[in-house]
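[1] Predicted model, plus sequence, below.
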Amino acid sequence: MWKSLLLALTLLPGLAAPAVAQSAGPSPEIVKHLGDVASSDAAVQEGAAVALGRTGDRKILPLLEALREGSVYVRPLPGGKKETVIVGDKVSEGDTTLVPLFTAYGREPIVGADGKPLLVELAALGEVSSGRSLRIAIRPLIDAFSGQNDLVSPDRATRQAAATKMGYTGDGATLLVLEDALTKEHDRWVRFSLEEAVSLIRLRIGTEAERVTAAQTLGRLRSANAMEPLYQIAGDPQAPAALVVAARASIKRIERWGLLTQSIEIAFQGLSLSSILLLMALGLAIVFGLMGVINMAHGELMAIGAYATFLVQGWFTAYFPGHFDYYFLVALPFSFVVSAAVGLLLERGVIRYLYGRPLETLLLTWGVSLMIQQGLRLWFGAANVDVTSPRWLSGGIPVMIGVQLPYNRLFIIGLATVCVAAMYLLLFRTDAGLRIRAVTQNRGMAACLGVRARWVDAGTFALGAGLAGLAGCAITQIGNVGPELGQNYIVDSFMVVVTGGVGKLLGSVLAAVGIGGLNKIIEPSMGAVFGKVLILIMVILFIQRRPSGLFAAKGRYAES
């Protein structure tokens, strides 16, 4: 086995070079090796397989894969000649088992005299044995061929994934391919993956000096993938002293970098969670500040927005599959409109009769939330539904080694920013916003001046419900969609409202950032449940010191 692997390493320089031009048919040398692959002598068979890999001709890859799968056979020809072929899936005709035949070079279908694919009895073919030694010998050849194909892909993510995989499983033959790709690669992040893969392979199979250099390089690259092999080296009493010193130094360097990247990721996740809470709290803050309504059904309005997104996805899948990536752009306004319509119906139907009685609105909206949850279960089922991200929201932006900012979370942060800006313009730069602020501060005086307070209430409640629908649409990109979706955010959203100050836009923004960030900071050490309990205690203590929140409310509630 080791002899065959050594032969593979010495005969494979052709894989590191650009692929040879594909000819119409195999060369005489390849034809000879194709015959030797079917030899009963294991050494001849392995030598032929390695020699075929040496050619760098990608039409050899199907044969190597078929050898590992055991689907290579010998077909007898007239005149006592034989041909090495690859067989396809079996086809049964009565008691006879037939198989289609493919050429060993390029895996092209073999056709009969009638021009149709040739089917022969499997019993008429001679099976080519592929022992364990042969499979081990051709494995690096297959990996090198497959990896070489992916390393020239136009897609950056594909090239990175290929380099990372080859770094984990590669050997000397793979090393040649990676080094050649490194000389041609210009993308910064793909070059990082290639350098990391080369160093990981050298750390395993290189000389002592090469292993020391590889360990130092992995430390310089801050490679998190190298931690396990470096730990093994650092704890190996038989490892060379210089290598152990280099491994330990690299481990410390990578660990320090890991703390930095972990802090950045926690901050970014906290910011994205804050954006969701802010979208939820904006509607709650305005509704509570304007009408004094404690809306416990706000989370279910969020769930309605999420399910509206699911419906739009289904419509695009059924009727516009070619434009599927645009479904989310349609789902955003649709989820807003649907949730706003439900909110308007709720306000006009029952809530307007309970103004001035906040505890009764709490009980009423809690009951409505249970009804909406049950309705969602009956209509969509109790299990979570899947919402697929469009391609333009998949992936992320690599900003530094070990840190990639996902597009979907960046989009949510951007959406929250746009919504805050829009709410500011609405409240402080439009006549509608002036009427909303007037009713909030003094409902009676605003009514005396001709403001239709009841319609302002209805429109504001619908606006708050629509913002909850937008939050539900956004959450589909980072969380599960189920009937109880809103219950995961409603408590945190109320804490944002009371901490920031009822009806205060700036207070809601600051409170959302603080509570969302604290959630992500505390969760890794205490867990999600105890983290929320601790934050609740902190909010209670804060409210004891500042009952009006960060910014005191003005108007009728401040006077009461």
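    Here it is on my side, so go on. Residues are numbered from 1 along each chain as shown.
[2] Please make it C-alpha for all contacts and neighbour counts, starting now.
    Will do.
[3] Helix, strand, or coil at residue 75?
    With DSSP: H, G, I helix; E, B strand; the rest coil as the basis, residue 75 sits in strand.
[4] if I pick the closest residue to residue 482 other than its chain neighbours, what's in contact with it?
    Nearest residue to residue 482 in three dimensions, chain neighbours excluded: residue 384, at 4.4 Å (Cα to Cα, 6 or more residues apart in numbering). Applying Cα atoms under 8 Å, 6 or more residues apart in numbering, we find residue 384 in contact with 480, 481, 482, 483.
[5] And the third one, how far from residue 406?
    Residue 482 sits 23 Å away from residue 406, going by Cα to Cα, to the nearest Å.
[6] So the two - more neighbours on which side?
    Neighbour tally, residue 482 and residue 406, criterion other Cα atoms under 10 Å: the higher count belongs to residue 482, 22 against 17.
[7] from what I can see that one touches residue 379, true?
    No. In this structure residue 482 lies outside contact range of residue 379 using Cα atoms under 8 Å: 11.5 Å.
[8] ok so, going back, would you list the contacts of residue 384 in a markdown table and tack on distance to residue 367, secondary structure and pLDDT?
    Below are these laid out as a markdown table (distance: Cα to Cα, whole Å; DSSP: H, G, I helix; E, B strand; the rest coil; pLDDT from 0 to 100):
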| residue | distance to residue 367 | secondary structure | pLDDT |
| --- | --- | --- | --- |
| 480 | 24 | coil | 84 |
| 481 | 21 | strand | 89 |
| 482 | 18 | coil | 90 |
| 483 | 15 | coil | 89 |
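[9] If you rank those by neighbours, which is first?
    In those, the most neighbours by other Cα under 10 Å go to residue 483, 26 neighbours.
[10] Contacts for stretch 72-80, please.
    Contacts of stretch 72-80 (Cα under 8 Å, 6+ apart): 38, 63, 66, 82-87, 124-128.
[11] try 6 Å this time
    Contact partners of stretch 72-80, identified using Cα atoms under 6 Å, 6 or more residues apart in numbering, comprise 66, 82, 83, 84, 85, 86, 125, 126, 127, 128.
[12] For it, measure first residue to last.
    Terminal residues of stretch 72-80 lie 19 Å apart, using Cα to Cα.
[13] Any stretches of the stretch 201-350 of the chain with poor pLDDT?
    Applying pLDDT under 70 to the stretch 201-350 of the chain flags the ranges 289-290.
[14] Out of the contacts of residue 384, which is nearest to residue 297?
    Proximity of the contacts of residue 384 to residue 297 (Cα to Cα) peaks at residue 483, which lies at 12.4 Å.
[15] isn't that closest one right next to residue 373, touching?
    Yes. Assessed by Cα atoms under 6 Å, residue 483 is found in contact with residue 373 at 5.3 Å.
[16] Could you pull out the strands in the stretch 1-150 of the chain for me?
    72-76, 82-87, 91-93, 96-103, 119-121, 126-127 (DSSP state E, counting those that start in this stretch).
[17] mind listing the helices for the stretch 1-150 of the chain?
    2-11, 13-16, 28-37, 42-54, 61-69, 132-151 (DSSP state H, counting those that start in this stretch).
[18] circling back to that earlier point, now which of the contacts of stretch 72-80 would you call buried?
    Among the contacts of stretch 72-80, those classed as buried by 16 or more other Cα atoms under 10 Å are 66, 83, 84, 85, 86, 125, 127, 128.
[19] re earlier: the contacts of stretch 72-80: which two are farthest apart?
    Spanning the widest gap among the contacts of stretch 72-80 are 66 and 82, at 18.0 Å by Cα to Cα.
[20] By mean pLDDT, which helix or strand of this structure comes out lowest?
    Every helix and strand of the chain was ranked by mean pLDDT, DSSP states H and E. The lowest is helix 13-16, at a mean of 39.
[21] Could you pull up the contacting residues of residue 407?
    Applying Cα under 6 Å, 6+ apart to residue 407 gives the contacts 393, 396.
[22] can you pull the pLDDT of it?
    On pLDDT, residue 407 comes in at 92.
[23] thinking again about what came up before, any chance of the strands of the stretch 1-150 of the chain in TSV with distance to residue 59 and mean pLDDT as columns?
    Shown next, in TSV, are these (distance: least, Cα to Cα, whole Å; pLDDT from 0 to 100):
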stretch	distance to residue 59	mean pLDDT
strand 72-76	15	86
strand 82-87	13	84
strand 91-93	26	70
strand 96-103	10	82
strand 119-121	23	83
strand 126-127	21	84
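[24] Which of those sits closest to residue 58?
    The closest of the strands of the stretch 1-150 of the chain to residue 58 is strand 96-103. By Cα to Cα, the value is 14.0 Å.
[25] Other residues contacting the closest one?
    85-88, 90-91, 108-110, 118-122.
[26] Show the pLDDT at residue 439.
    If you check residue 439, the pLDDT there is 80.
[27] Now do the phi/psi pair for it.
    Here is the backbone geometry of residue 439 (degrees, to the nearest 10): phi -60, psi -40.
[28] And the nearest residue to it once chain neighbours are set aside, how close does it get to residue 456?
    In space, and not counting its chain neighbours, residue 439 is closest to residue 446: 5.7 Å by Cα to Cα, 6+ apart. Per Cα to Cα, residue 446 is found 11 Å from residue 456.
[29] cool, residue 543 as well?
    Remark: distance between residue 543 and residue 456 (Cα to Cα) = 30 Å.
[30] How about residue 230?
    Relative to residue 456, residue 230 is positioned 66 Å away (Cα to Cα).
[31] Between residue 543 and residue 456, point out the one with more neighbours.
    Neighbours were counted for residue 543 and for residue 456 using other Cα under 10 Å; residue 456 has more, 19 against 16.
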